[in-house]
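Asks: Return atomic coordinates for the entry below.
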Amino acid sequence: MLKKTQKLSERLLMFFILLFSTPIVHAQIEDEVIDMKDPITGKWGYASKVQNRKSPLKGIKKLAVNSFGNAGSNLLSKEDADAIDWVIPPLYDAVSPSFSEHLAGVEVGGRVGFIDIYNRFIIEPQFEPVKNLAGFNHGMAAVKVGEKFGYINMKGELVIDPVFDDADNFKDNWLATVKKDGKYGAIDFKGEVVVPCKYAVEAAMTTVPISNKLYRNASDSVQEAVKNLAYSDVIQKLQACEDEVGKRIADSLWIQPLVTSEIGTGDNKGIKDNYNRMIIPARFSNIDYDEENHLYVVSNAAKRYGVYTYNGCRLFHPLFDSISPFQNGISVVTVDSIEGTIDRTGWIDPSFMDDICNTGLEYDTNGNVVKASTLYRRILTIDPNHVMALNNLAIIDINNKDYNKGLKKLKLANKLAPDNELISENLHIAKKNRNNRRWNRITTGLEIAATVITLGATAYAIANGSTASASGMTSAASDLDAGGDMGGTSSSSSGGKVGGNTSSKASYANWSALDRAYGGYEDQLIRMKDSGNYDKQEVRNIQNKMKDIRAKILKQSGGSHQRAASPMESWNP
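Replies: Alright, predicted model coming up:
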């Protein structure tokens, strides 16, 4: 007998938590990304170090990832590439390996500039391309001007004239390697040569014991001079510049003005900006810009709607059958006539996902597996870790004799919910008996809480100026440990009927997830109230959902937990 369940899309709920957590910790965000080449387009961007489980790059180390990207587009399908978690979309011809002092060097349109973690140009593209891009160190960066190298501050102003044939960034010892007339030497913070340019290779100057005495002495001398404030005037000017630029970067709500143009025709339209970046890929039939919310609403040939930020970060895949104009930052969307809400930050109403799941299950149990498959796949586009969709789609795949795909999904579902007996049983059946299979589709009445939360969400957060709170991430992870068991056991003596009992761990995970959902709605009302711009009926709808959630918490906890009503629940706008 088929069994059903519904799942609270906690990973998507975490988008909301991520996007409104303050303050921003820039260094923390910058440490969560690596340079990455899109294997389809050949362009570079920055991807999350932790990829979602559907990503083809999941578990691949950095060096392997870059080789993977360089190996060519034939290794990945377009669908596979779309599953990569990008923090900064692949828009560039080259990028520096990492962010340094909050900036990264990028090449676009034959010029090098410097972006922040929000993909905004802090220093306009204006310098010549170089072999090895880098960020900043000690407030300066080496750049190529014409045929020569010099150094700029964080405003893009030259502070050491471009007189060198080649140059590297300053190291922690306050020296920088430079090259003149084919020979290597070193300069200090004022641009003065402190190690003559006489070495054929840099290593002979810096590391070979018998030849690096001049460099070692210069390093000691300059570091001592820094301690004695001999370079204080230079350092103070650089620090003042860094402080000024730092304030600009910290303003995560700053929208960089862009001049854009639509390119392409028919179903292959896109948007290019004045920096020659394809901020919207040329694969859409229609593109509309929402000036108030700084968003692009796109639709493809299948008339599915998606959302991008003004500078190219994708918030939602083309997934929705319809989308209303954003009002107060919120839009009403539909999937298969199921209505839900999204907002301009990338948050999606978790109950919307549940409704889509339940509709897919209705199709599934009534034998319409084509429609069920379509809905399951659309769910997995938003949440690759949706256990119910993975399990049920796996059964459809295997019944359609697509054994490898089905087994892969079952293995993933089993990893996400290792204590669930039904998924374990399905996986066992798939491995042991390919002929006579009796499947257990997951039962309704129990929401699978605390899906593995990946840093793919960080991409959305960064695009809109926020980051994850440590407490939010820790809470979700602990709930996963507590609530991996989705409950339910099969009965061999009752024609495959499933009992409705669940473990205390699963029950705890259920109502604790609802508790966080309640907090998400509370925060949404607070934002609406603070803005002074809201729809009264929308407020009432949210308040009703909050009341329903409190009732569910009380019921699912067996009366052991009662969620106190928020003042926002009784707010009368």
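
Asks: which residue lies farthest from the center of this protein?
Replies: Computed with CA atoms, centre = their mean, the maximum C-alpha offset from the centroid of the chain is found at I210, amounting to 48.7 Å.

Asks: Assumed that one was part of a helix.
Replies: No. Per DSSP: H, G, I helix; E, B strand; the rest coil, I210 lies outside any helix segment and is coil.

Asks: Tell me how far it lies from A203.
Replies: 12 Å (CB to CB, to the nearest Å). The way it works is simple: take the backbone N, C-alpha and C, and place the C-beta from them, glycine included.

Asks: Return the backbone torsion pair for the residue farthest from the centre of the chain.
Replies: phi -80, psi -10 (degrees, to the nearest 10).

Asks: Which residues are in contact with S96?
Replies: The contact partners of S96, by CB atoms under 8 Å, 6 or more residues apart in numbering, come to 35, 104-106, 133-135.

Asks: one more time with 7 Å, if that's ok
Replies: 104-105, 133-135 (CB atoms under 7 Å, 6 or more residues apart in numbering).

Asks: Restricted to strands, list those residues.
Replies: Among the contacts of S96, the ones falling in strands (DSSP state E) are 104-105.

Asks: Tell me the one among the contacts of S96 nearest to C313.
Replies: A104 (15.5 Å; CB to CB).

Asks: The closest one touches V95, doesn't it?
Replies: Yes. Using CB atoms under 7 Å, A104 is in contact with V95, at 6.1 Å.

Asks: Give me the more crowded residue out of these two.
Replies: A104 (28 against 25; other CB atoms under 10 Å).

Asks: next structured bit after the host helix or strand of D355?
Replies: Secondary structure here is read from DSSP states H and E; on that basis D355 sits in helix 350-365. Per DSSP H and E, helix 350-365 leads on to helix 369-382 as the next helix or strand towards the C-terminus.

Asks: Report the rounded mean pLDDT for that following helix.
Replies: What helix 369-382 shows for mean pLDDT is 91.

Asks: where does whatever helix or strand comes next after that helix sit relative to the chain's centre, distance-wise?
Replies: Using DSSP H and E, the helix or strand that follows helix 369-382 in sequence is helix 387-399. In terms of CA atoms, centre = their mean, to the nearest Å, the centre of helix 387-399 is found 26 Å from the chain centre.

Asks: helices and strands around whatever helix or strand comes next after helix 387-399, which ones?
Replies: Going down the chain from helix 387-399, the next helix or strand is helix 403-416, by DSSP H and E. Under the contact criterion of 3 or more CB pairs under 7 Å, 6 or more residues apart in numbering; DSSP states H and E, helix 403-416 touches helix 387-399, helix 421-432.

Asks: Most tightly packed of the ones you listed?
Replies: Ranked by mean neighbour count, the helices and strands packed on helix 403-416 are led by helix 387-399 with a mean of 25 (mean count of other CB atoms under 10 Å).

Asks: just the angle between that helix and helix 421-432, please?
Replies: 20 degrees (axes from the mean of the first three to the mean of the last three CA atoms, to 10 degrees).

Asks: Quick one: list the elements packing against helix 387-399.
Replies: Taking 3+ CB pairs under 7 Å, 6+ apart as the contact cut, helix 387-399 packs with helix 350-365, helix 369-382, helix 403-416, helix 421-432.

Asks: Tell me the predicted confidence for the residue farthest from the centre of the chain.
Replies: Per the predicted model, pLDDT is 84 at I210.

Asks: Which residue is the nearest non-sequential neighbour of V369?
Replies: I396 (5.2 Å; CB to CB, 6 or more residues apart in numbering).

Asks: Can you show me the helices along the stretch 151-300 of the chain?
Replies: Using DSSP state H, counting those that start in this stretch, the helices of the stretch 151-300 of the chain run over 202-206, 213-227, 232-250.

Asks: OK, contacts around S373?
Replies: 393, 396.

Asks: circling back to that earlier point, would you mind confirming that the residue nearest to V369 is in contact with N368?
Replies: No. Applying CB under 7 Å, one finds I396 not in contact with N368, separated by 10.9 Å.

Asks: okay, now the domains of the protein?
Replies: 10-20+349-503, 26-250, 260-293+295-329 (automatic domain parsing).

Asks: ok, and which of those has the densest surroundings?
Replies: domain 10-20+349-503 (a mean of 20).

Asks: picking up where we left off before, roughly how far apart are the residue nearest to V369 and N268?
Replies: Taken as CB to CB, the span from I396 to N268 is 32 Å.

Asks: for R378, same thing?
Replies: Counting by CB to CB - R378 and N268 are separated by 23 Å.

Asks: now L407
Replies: Counting by CB to CB, the gap from L407 to N268 is 36 Å.

Asks: Same question for A430.
Replies: Distance of A430 to N268, given as CB to CB: 40 Å.

Asks: got it, and L393?
Replies: 30 Å.

Asks: Model confidence score at the spatially closest residue to S261 that is not a sequence neighbour, please.
Replies: Residue nearest to S261 in three dimensions, not counting chain neighbours: K272, with 5.7 Å by CB to CB, 6+ apart. With respect to pLDDT, K272 has a value of 96.

Asks: same deal with the one 4 residues further on?
Replies: N276 carries a pLDDT score of 93 in this model.

Asks: I'd guessed it sits against E107; true?
Replies: No. N276 is not in contact with E107 according to CB under 7 Å; the separation is 10.5 Å.

Asks: what mean pLDDT does the helix or strand encompassing P125 have?
Replies: Using DSSP H and E, P125 falls within strand 121-127. Averaged across strand 121-127, the pLDDT comes to 97.

Asks: For the helix or strand just after it, name the packing helices and strands.
Replies: Scanning forward in sequence from strand 121-127 by DSSP H and E, the next helix or strand is strand 141-145. Strand 141-145 sits against strand 121-127, strand 148-152, with contacts defined as 3+ CB pairs under 7 Å, 6+ apart.

Asks: switch the cut-off to 8 Å
Replies: strand 111-115, strand 121-127, strand 148-152, strand 158-164 (3 or more CB pairs under 8 Å, 6 or more residues apart in numbering; DSSP states H and E).

Asks: can you list those strands in JSON lines and add distance to L525?
Replies: As requested, the helices and strands packed on strand 141-145 are arranged in JSON lines below (distance: least, CB to CB, whole Å):
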{"stretch": "strand 111-115", "distance to L525": "35"}
{"stretch": "strand 121-127", "distance to L525": "36"}
{"stretch": "strand 148-152", "distance to L525": "47"}
{"stretch": "strand 158-164", "distance to L525": "50"}
